[in-house]
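Asks: Kindly return the folded structure for what I paste below:
(chains A and B, ligands or ions: 2)
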Amino acid sequence: MQQTILEIKNLSKSYGETIALANFSLSLKKGEVLGLLGPNGAGKTTLISILSGTLRDFTGSASFKGQDLFSDRRLKNLIGIVPQEMAFYEDLGALENLMFWGGLYDIPKKELKRRALELLAVVELSARAKEPIKKFSGGMKRRLNIAIGLVHQPELLLLDEPTVGIDVQAKVNILDIIRNIGQQGTSVVFTTHQLSEVEQICSRIAIMDKGVVLAEGTLAELIRIVGEKEIVEVSGEFSADAFSAIIRQSDGNGMEILSVTDNQAHLAFADSERIPAMMQHLFKHHLPISDLKIKSPNLEAVFLKMTGRSLRD
Amino acid sequence: MKKIWHIGYLDLKLMVKDKAFFFWVLVFPLVFILIFGNLFRGSKTDTKASLIVLNQDKGKWGAYFSEKLKSPGIELAVTKSEPKDYFRMLVIPADFSLKIEKRAAQTLLLKKDEDANMQAGAVAETRIAQAIVKLISELIIYGNHRDIKAFFDSRSPYRDLVRVRTRLPRDTIAKIPSGFDHVIPGILIQFVMMMVLLYGGISVMEDRKRRVLARILYSSASFAELFAGKFLGRVLMGLLQSAILITGGKLFFHLNLGNIFISFLNILVFTLAMACLSIFIGSVLKKEELIVGVSVLLANMFSALGGCWWPAEIVPPAFRTLGMISPAYWAMDVFHKIIFFGKGFAAIWPNLLLLLAFTAVFMALALRFFKINE
Ligand SMILES: Nc1ncnc2c1ncn2[C@@H]1O[C@H](COP(=O)(O)OP(=O)(O)OP(=O)(O)O)[C@@H](O)[C@H]1O
Ligand SMILES: [Mg+2]
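Replies: Ligands and ions are numbered 1, 2, ... in the order given. Next comes the predicted model:
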């Protein structure tokens, strides 16, 4: 049995009327790479900010290796955090940045420089180590952002949407880096609203929305929640209300509504033979359908089932 | 402490790396120094009431009279030939002694340059009048005996019978600070304000926006260390600006700061106040243009009110009193006291305390408003 490295219990936080976290609980074992999947406003950044110690006025607890995370500031030396924003000095070079950020920890200068150079190689920035970061591409900045979180060799790395706003190639690159970090024994939590990312690199996945964890487990465990069903994605120029009204008039046997929003709905069928009858029902009621897709059960279906909405920016 | 230094030093480094740094910190102040320095042109050597005596006298009385003109407040030079350049020159004619011996009336000519300082002129003229009074009174006594040998004998009882003492009302400003020794400290104070408020304010705002402040707290650095680091960074900025202008002043303008130790203390406490003010400004304002506007406005207003450009000693009393709201006033007052009025620590410590009080107020504001999140 692997040792639990992070244990979050009943974290709650609200901004005035807005509830950002509601009794959020989660635990992470040593060496796990956990993907925390949640749509915009789910509370991902709020969670990371609380764990980083920069957000106050919350309730609940978190322990790191059995110690209260918020009581001993020295524990921060063992945790690396990569914020959603590119938080570094754009006028300095990559190496200078790593030397500054690493300098906040008690690392001998020589050793720090060695690590910085090593990390630059890992994130493939060695060739541009001295150039001001202003001149970097978005993907390069994202990579440096991660390197800064790793410069003190943390045992736990928390990444907040490390792949947001960059192209596919750069994304693959960053996912590789995160996977490698995990394989070297660092525990990782990273938040995202990209399904494919968690499918690719996570040993465990947690789905969250509105400040709570809705489901968690390995990919296989999660897919089992939806069961052996066929998923139908219906797109078109319809409103959520219109779609729901038409569906209500059908017998609906053996069908589950995963999500309904304007212009898109997802339905799950235990028996695929029932799909044509349902489609006929929709056409008969003149629902303006532009696209129909039939999919096998996947993480997206789980997500739709749990949150009732799709994961788009 | 190591973390505080680490955080503070980076801010200094970033300021020095800025493209406009060289212009802000050296070129702009130099332009100001040259403009204001030339506005007070000529005053530098004239503040000590220079007086040239062109002694053409063929007898002994001319030299004797010249001796009588000597005074600690006057820079006296006696020559035989007319110099090209002077602020004021007293001409003792060739027949000066002859006319004295003959008891004949005579005229002395005082020539003045149009640029000459009026105040210094008054000092010189008073001295000339005093010397004449002394000479005449001695002549009256001498006239009864007509023993010229005995008179010029240094032990003569008739010599220096009359003494003239000048006493000005208390607090009369006998000397107006001017020249580069006034202008350079003034511009130094102005640019310490400008640089610390501008760079210091903008970087506090940008670091907060870019989430750099929050990220520093991801490490084991405490909030207190973060604040202290930012504070130290701004103090270092001010000290660097000062060091540059003092070095430039010493190299090119023969800057004399009077008392280096007091000057340093003065600059330091002034910089402390500005460092706090810049954190406050950077914490409340969210836009770069706003911070630039407020910093430039404050720095220039405080400079004008505080006597950085023209000495507070020459402005109307009401304006001078108003100037006391400017921290720059108190720092300039220290400089003037040690550079021009020969005062020491005893005269300036209240100013330093006052500047520390400004620091305390700005520090309280900075601490109240400094935050790591927008
Ligand atoms: N400073 C704040 N003031 C008020 N409300 C806030 C603040 N920060 C976050 N919120 C609210 O709290 C909720 C959770 O926000 P949070 O940023 O944690 O979500 P997120 O999952 O990180 O979203 P995203 O994917 O867009 O980054 C949202 O409803 C958001 O509007
Ligand atoms: Mg977020």
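
Asks: quick one, what contacts the closest residue to residue A:170 other than its chain neighbours?
Replies: Spatial nearest neighbour of residue A:170, excluding adjacent residues (CB to CB, 6 or more residues apart in numbering or on different chains): residue A:139 at 2.9 Å. For glycine as for every other residue, the C-beta is placed from the backbone atoms N, C-alpha and C. Residue A:139 sits next to A:166, A:167, A:169, A:170, A:171, A:173, A:174 when contact means CB atoms under 8 Å, 6 or more residues apart in numbering or on different chains.

Asks: now for those residues, which pair is the farthest apart?
Replies: Across these, the longest distance by CB to CB is 10.9 Å; it joins A:167 and A:174.

Asks: More neighbours: these two, which one.
Replies: residue A:174 (22 against 11; other CB atoms under 10 Å in any protein chain shown).

Asks: quick revisit: from the middle of its chain, how far away would the helix or strand the residue nearest to residue A:170 falls within be?
Replies: Using DSSP states H and E, residue A:139 falls within helix A:138-150. In terms of CA atoms, centre = their mean, to the nearest Å, the centre of helix A:138-150 is found 17 Å from the chain centre.

Asks: again, but for stretch A:9-19
Replies: 19 Å.

Asks: Contacts for it, please.
Replies: A:20-25, A:43, A:46-47, A:50, A:55, A:57-63, A:210-211.

Asks: which residues touch the residue of chain B found nearest ligand 1?
Replies: In chain B, the residue that lies nearest ligand 1 is residue B:373 (6.8 Å; CB to the nearest ligand atom). Contact partners of residue B:373, counting by CB under 8 Å, 6+ apart, are A:54, A:55, B:208, B:214.

Asks: Next, count neighbours for the last one.
Replies: Meaning residue B:214. 23.

Asks: Restrict the helix or strand where it lies to CA atoms and write it as CSV.
Replies: Residue B:214 is part of helix B:212-218, with elements assigned from DSSP H and E. C-alpha atoms of helix B:212-218 as CSV (Å, rounded to 0.1, in the frame of the first residue of the first chain):
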residue,chain,number,x,y,z
VAL,B,212,4.8,37.1,-8.8
LEU,B,213,4.1,38.3,-5.2
ALA,B,214,1.8,35.3,-4.6
ARG,B,215,4.4,33.0,-6.1
ILE,B,216,7.1,34.3,-3.8
LEU,B,217,4.8,33.2,-0.9
TYR,B,218,4.6,29.7,-2.4
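
Asks: and that helix, is it in reach of chain A?
Replies: Yes - counting by CB under 8 Å from any CB of the partner chain, chain A has neighbours in helix B:212-218: B:212, B:214, B:215, B:216, B:217, B:218.

Asks: Who are the contact partners of the second one?
Replies: Applying CB under 8 Å, 6+ apart, we find residue B:214 in contact with A:49, A:52, A:54, A:83, A:87, B:372, B:373.

Asks: Just the buried residues of the residues you listed.
Replies: A:49, A:52, A:54, A:83, A:87, B:372 (16 or more other CB atoms under 10 Å in any protein chain shown).

Asks: Kindly reformat those as a markdown table containing pLDDT and secondary structure.
Replies: Formatted as a markdown table, the buried ones among the contacts of residue B:214 follow (pLDDT from 0 to 100; DSSP: H, G, I helix; E, B strand; the rest coil):
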| residue | pLDDT | secondary structure |
| --- | --- | --- |
| A:49 | 94 | helix |
| A:52 | 93 | helix |
| A:54 | 90 | coil |
| A:83 | 94 | coil |
| A:87 | 94 | coil |
| B:372 | 91 | coil |
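
Asks: any idea how far residue B:189 is from residue B:329?
Replies: Shown here: residue B:329 relative to residue B:189, a distance of 10 Å by CB to CB, to the nearest Å.

Asks: Can you show me the strands along chain B?
Replies: For chain B, applying DSSP state E gives strands covering B:50-55, B:75-79, B:88-92, B:109-112.

Asks: Is it possible to get TSV of those strands that adds distance to residue A:16 and mean pLDDT?
Replies: Listed next are these as TSV, based on distance: least, CB to CB, whole Å; pLDDT from 0 to 100:
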stretch	distance to residue A:16	mean pLDDT
strand B:50-55	74	90
strand B:75-79	74	87
strand B:88-92	77	92
strand B:109-112	76	90
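
Asks: How about chain B: which residue is closest to ligand 2?
Replies: residue B:211 (11.8 Å; CB to the ion).

Asks: can you pull the contacts of that residue?
Replies: Applying CB under 8 Å, 6+ apart, the residues near residue B:211 are A:83, A:85, A:87.

Asks: Cross-check those against chain B and keep the overlap.
Replies: A:83, A:85, A:87.

Asks: which residues sit in contact with the first one?
Replies: Right, the one you point to is residue A:83. Counted by CB under 8 Å, 6+ apart, residue A:83 has contacts A:48, A:52, A:145, A:160, B:211, B:214, B:215, B:218.

Asks: Let's see that with 6 Å instead.
Replies: Listed by CB atoms under 6 Å, 6 or more residues apart in numbering or on different chains, the contact set of residue A:83 reads A:160, B:211.

Asks: Next up, phi/psi of it, please.
Replies: Backbone torsions of residue A:83, given as degrees, to the nearest 10, read phi -70, psi 170.

Asks: The second one too?
Replies: With angles defined as degrees, to the nearest 10, residue A:85 sits at phi -80, psi 160.

Asks: And for it, the neighbour number?
Replies: 17.

Asks: Got the phi and psi for the closest residue to it other than its chain neighbours?
Replies: When the adjacent residues along the chain are set aside, residue A:85 lies closest to residue B:211, with 4.5 Å between them (CB to CB, 6+ apart). Phi and psi for residue B:211, reported as degrees, to the nearest 10, are phi 70, psi 20.

Asks: As a markdown table, the contacts of residue B:211 with distance to ligand 1 would be great.
Replies: Formatted as a markdown table, the contacts of residue B:211 follow (distance: CB to the nearest ligand atom, whole Å):
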| residue | distance to ligand 1 |
| --- | --- |
| A:83 | 11 |
| A:85 | 10 |
| A:87 | 14 |
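
Asks: hmm, the helix or strand where residue A:21 lies in reach of ligand 2?
Replies: Secondary structure assigned from DSSP H and E places residue A:21 in strand A:18-29. No - judged by CB under 5 Å from the ion, strand A:18-29 and ligand 2 are separated, with a smallest distance of 10.1 Å.

Asks: Which is the succeeding secondary structure element to that strand?
Replies: strand A:33-37.

Asks: That following strand - what's its average pLDDT?
Replies: Taken as a whole, strand A:33-37 carries a mean pLDDT of 93.

Asks: how about it, does it get close to ligand 2?
Replies: No - on the criterion CB under 5 Å from the ion, strand A:33-37 is out of touch with ligand 2, staying 10.6 Å away.

Asks: What is that strand packed up against?
Replies: strand A:187-192, strand A:204-209 (3 or more CB pairs under 6 Å, 6 or more residues apart in numbering or on different chains; DSSP states H and E).

Asks: which helices and strands sit right next to the last one?
Replies: The elements that strand A:204-209 packs onto, with contact taken as 3+ CB pairs under 6 Å, 6+ apart, are strand A:33-37, strand A:212-217, helix A:299-307.

Asks: Same question for the first one.
Replies: In terms of contacts (3+ CB pairs under 6 Å, 6+ apart), strand A:187-192 is packed against strand A:33-37, strand A:156-160.

Asks: and among these, the most buried is which?
Replies: Highest mean neighbour count among those (mean count of other CB atoms under 10 Å in any protein chain shown): strand A:33-37, with a mean of 27.

Asks: chain center to that strand: distance?
Replies: 5 Å.
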